[in-house]
Every structure is written in C-alpha cells, then in structure tokens.
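In: only geometry, no sequence info:
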Ligand code: AMP
C-alpha cells in the first residue's frame, strides 16, 4: 500500500474538538488491518536501524502505535501519560498549551539512566507535546534517538521545533494545511 493509500484511510473530522481544527482521526486506518500493518511496518523500517532500547508512547494514540511498534522491534514499552493517571511514583513536566498548561508524567525509574529511546505519537502538530516528552526523558538521563509519528502537519512547524531542540524526527504521512 502506498503512502497515499494510507493517507486515504485517515478520516478528517472538521471543527473537532474546536472550530478551525481539522482532526486527523487514525481510528479508521487502525480498523483496516492492511493499513494498520502497512503503517507499523513503515514505522518499524524507519526505527530498526536506530538500535533503540525502549519505545516511549505518548497518551493516548501513541500507546497504540508505540506498543505495536515495540512488539515489532522486540523492545519494551513505557507510557508517558497525562497528569494523575499513573499509579506509581512519577516524575513529570509542565508545558505550555495555546491556553494554559498541561503536564506529562512517567513512572519513576522506568527509563534507565543512559537509555537509548524512541519516542512515538500518532501526530505532530506544533511539536509542543513531543518536545515536553523529550525534555522529560532527557531529565531522566535518556537519549532520545528519534521522535517518530504516523502523521505530520508540516505547516504547523513541529518538526522544525524538534530539530531546533536537537531531536531528529520522522513521519510517514503528511497533511499540508492544518
Ligand atoms: P502538538 O503538541 O501541537 O504537536 O500536538 C500533538 C498532539 O495533539 C498529539 O498527541 C496529537 O494526537 C494531538 N493532535 C494535535 N492536532 C491534531 C489534529 N489536527 N488531529 C489529530 N490529533 C491532533
């Protein structure tokens, strides 16, 4: 299946969760076994040469892609969650949103000092979420080898923001515009 074929499986929902946002819904792609397998294989092809030790997935759709990718690569998986969701002792980071702030958390000690990690989410828009997750991982002493996404919204500049922070990123599908 081509990248265009994958893109065609992503459903766009206008004005959700608020007016002006074109929500790129991957549940339609995930429900198609050929599309799901093709996406994971393409992400695994990008990730395999990195020789990562651990896959980190960002809540919530990063859990789906990150966990399947970790399995495909033969690696463990660690979730980065929104505040207050993880049951154990956590470390966290507050970061700026368009309006207000948010917080990401990680189970303390789950990312070993010096670990070579691959960060995964479904989509990169402004890059704020991935930047915060990467900073949290770096604070734990990890090396973020790459941030890998199914979808890029290139006009929002997220990959450039990651690059400016020294984080290499890759994506499979791009939707120009927003
Ligand atoms: P950002 O921090 O701006 O890069 O936003 C990325 C995060 O928000 C990811 O976890 C995405 O799942 C979600 N997100 C942002 N914009 C969209 C969009 N247009 N469609 C689907 N998810 C989005």
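Out: Now that the structure is in, tell me what you want to look at. What you are looking at is a predicted structure, and each value in this text was computed from that prediction instead of being measured.
In: quick one, helices of this structure?
Out: 3-9, 27-30, 33-47, 61-73, 128-139, 158-164 (DSSP state H).
In: relative to the ligand, which of those is closest?
Out: helix 128-139 (3.3 Å; C-beta to the nearest ligand atom). Just so you know, the C-beta spots here come from the backbone N, C-alpha and C atoms, and that holds for glycine as well.
In: counting by contacts, list what that closest one packs against.
Out: Counting contacts by 3 or more C-beta pairs under 8 Å, 6 or more residues apart in numbering; DSSP states H and E, helix 128-139 is packed against strand 54-58, strand 90-96, strand 101-107, strand 116-124, strand 143-152, helix 158-164.
In: does the ligand sit close to it?
Out: Yes - on the criterion C-beta under 6 Å from any ligand atom, helix 128-139 is in touch with the ligand at 128, 129, 130.
In: name the nearest residue to the second one, ignoring sequence neighbours.
Out: The shortest distance from residue 129 to any non-neighbouring residue, by C-beta to C-beta, 6 or more residues apart in numbering, is to residue 58 (6.1 Å).
In: how close does the one you found get to residue 8?
Out: Applying C-beta to C-beta, to the nearest Å, the value for residue 58 to residue 8 is 25 Å.
In: try residue 158
Out: Distance of residue 158 to residue 8, computed by C-beta to C-beta: 23 Å.
In: between these two, point out the one with more neighbours.
Out: In this view residue 158 and residue 8 are compared by other C-beta atoms under 10 Å, and residue 158 has more residues nearby, 24 against 15.
In: quick one: contacts for the more buried one?
Out: By C-beta atoms under 8 Å, 6 or more residues apart in numbering, residue 158 lies in contact with 124, 125, 126, 127, 128, 130, 152, 169.
In: give me the pLDDT for the residue nearest to the spatial centre of the chain.
Out: Taking C-alpha atoms, centre = their mean, the centroid of the chain lies closest to residue 121, which sits 1.5 Å from it. Residue 121 is assigned a predicted lDDT (pLDDT) of 98.
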